[in-house]
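> can you look at this prediction? I've put the sequence above it.
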Amino acid sequence: MPITTNKTASAKKDNGENLGSYNVGSRWMYGNNTFTYKMLSVLSVIFLLYGIVFVGTLINNNLKQYNYIGKAAKMERTIAVNGYGKVSGNNDIAVTTIGYSNTDKDVAKAQADNKKVMDQITSDLKKMGVEDKDLQNNYTIYPNYNYTPQKGQELIGYQVSNQLTIKIRDLTKIPNILSLAGKYGATEVSGLNFTIDDPENLKADARAKALIDARTKAADLADKLGVRVGSVVSYNEFEDNTGGPIYNMKALDSAQSVGGGPATVSSGSRDVVMNVSVTYEILP
């Protein structure tokens, strides 16, 4: 009987210990589950709020895009006018070209003969005070052929051409410079063109006149429309020049061929024209 009683007590003790251990573990597991549930709930709420904000933003943007479909862009309130300015200046330089062309089967001889003529013209120009910066050569050499049914293509010789463009600053020397063509047997002479060496000052004056013209037109138009003109929104300009007189070289050759003196040359004047297009803001 004591043995039986001991086993029963031991069994009860073991059952009590096991029961106590189970209760402690259950409470620990339940506590962890509660914390995890709360964290998941908080995260779910955060993600839900983020989703609501995101979807709302998309809807708002789409509504804005929809509102602008089919509608024209907002028009600026502006006045656009054109201005015109013109100034005149006396031509102060003349430009002409004197050249010589010759042909020879010996290319070296053709070059030497051409150089002799052009060197004489250049030498006299420098004696007259024409500087190197006002002289520009255009020099070419090319073979010259002739074709016949009997012989086919046959080399006639090599043609050498040297054209010298001359800028004449002292207009009183024009007749003497042009006479060099006949003096040394030049074969090519161009017309005499007059122009202004540095037209920038005239351009500035013409631009100023054009701007005053544009501003006056804008103010007059604004007054009639009952609005006020503000700052410049856009500006464009372009130059429209009219040429000066062109000297006729054939007339000079004819005068010299009959024994007459050099023709009187007038440089004339040149108009510098500036056109501007100005857009002004209309003030509210």
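Structure received. Numbers count the residues shown, from 1 in each chain.
> can you pull out the helices in the stretch 101-250 of the chain?
For the stretch 101-250 of the chain, helices defined by DSSP state H, counting those that start in this stretch occupy the ranges 107-127, 174-178, 180-184, 200-225, 249-257.
> and the first one, what's buried?
The reference is to helix 107-127. Neighbour-count burial for helix 107-127 flags 110-111, 113-114, 117-118, 120-122, 124-125 (criterion: 16 or more other CB atoms under 10 Å). For glycine as for every other residue, the C-beta is placed from the backbone atoms N, C-alpha and C.
> circling back: want to try TSV for the helices of the stretch 101-250 of the chain, with mean pLDDT and distance to residue 139 as columns?
Putting these into TSV (pLDDT from 0 to 100; distance: least, CB to CB, whole Å) gives the following:
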stretch	mean pLDDT	distance to residue 139
helix 107-127	95	9
helix 174-178	92	20
helix 180-184	91	17
helix 200-225	94	32
helix 249-257	39	22
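> out of the ones you listed, which gets nearest to residue 83?
Among these, helix 200-225 comes nearest to residue 83, with 3.0 Å by CB to CB.
> for the closest one, list every residue counted as buried.
202-203, 205-207, 209-211, 213-215, 217-218, 222.
> in the protein, where is pLDDT below threshold?
For the chain, applying pLDDT under 70 flags the ranges 1-33, 35, 58-75, 241-265.
> can you give me the domain boundaries for it?
Residue ranges for the domains of the chain, per automatic domain parsing: 1-72, 78-88+201-243+270-283, 93-195.
> list the contacts for residue 227?
Applying CB atoms under 8 Å, 6 or more residues apart in numbering, we find residue 227 in contact with 77, 79, 282-283.
> out of the residues you listed, flag the one nearest to residue 37.
Of the contacts of residue 227, the one sitting nearest to residue 37 (CB to CB) turns out to be residue 77, at 64.0 Å.
> excluding its backbone neighbours, what's nearest the closest one?
Distance criterion CB to CB, 6 or more residues apart in numbering; nearest residue to residue 77, sequence neighbours excluded, is residue 282 at 3.9 Å.
> and residue 154, by the same measure?
residue 146 (5.2 Å).
> what's the separation between that neighbour and residue 195?
Going from residue 146 to residue 195 by CB to CB, to the nearest Å gives 41 Å.
> who has more neighbours, the two?
Each of residue 146 and residue 195 has its neighbours counted (other CB atoms under 10 Å); residue 195 has more, 16 against 11.
> the strand of greatest length in the chain: which residues count as buried?
Across the chain, the longest stretch assigned as strand under DSSP state E is strand 152-168. Neighbour counts over strand 152-168 (16+ other CB under 10 Å) mark 157-164, 166-168 as buried.
> just the C-alphas of the helix or strand hosting residue 79, formatted as CSV.
Using DSSP states H and E, residue 79 falls within strand 78-90. This file holds the C-alpha atoms of strand 78-90, laid out as CSV (Å, rounded to 0.1, in the frame of the first residue of the first chain):
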residue,chain,number,x,y,z
THR,A,78,0.7,91.2,-77.4
ILE,A,79,1.0,93.8,-80.1
ALA,A,80,3.3,93.2,-83.1
VAL,A,81,4.6,96.0,-85.3
ASN,A,82,7.2,96.6,-87.9
GLY,A,83,9.7,99.4,-88.0
TYR,A,84,11.7,100.9,-90.9
GLY,A,85,14.9,102.9,-90.8
LYS,A,86,17.1,104.2,-93.6
VAL,A,87,20.4,106.2,-93.7
SER,A,88,22.6,107.1,-96.7
GLY,A,89,26.4,107.2,-96.8
ASN,A,90,28.9,108.0,-99.5
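> and that strand, how far from the chain's centre?
Distance of strand 78-90 from the chain centroid (CA atoms, centre = their mean, to the nearest Å) equals 23 Å.
> that strand vs helix 200-225, what angle?
Our comparison of strand 78-90 with helix 200-225, counting by axes from the mean of the first three to the mean of the last three CA atoms, to 10 degrees, yields an angle of 150 degrees.
> can you give the strand pairings for strand 78-90, parallel or anti for each?
Here strand 78-90 is paired, per DSSP bridges, with strand 269-283 (antiparallel).
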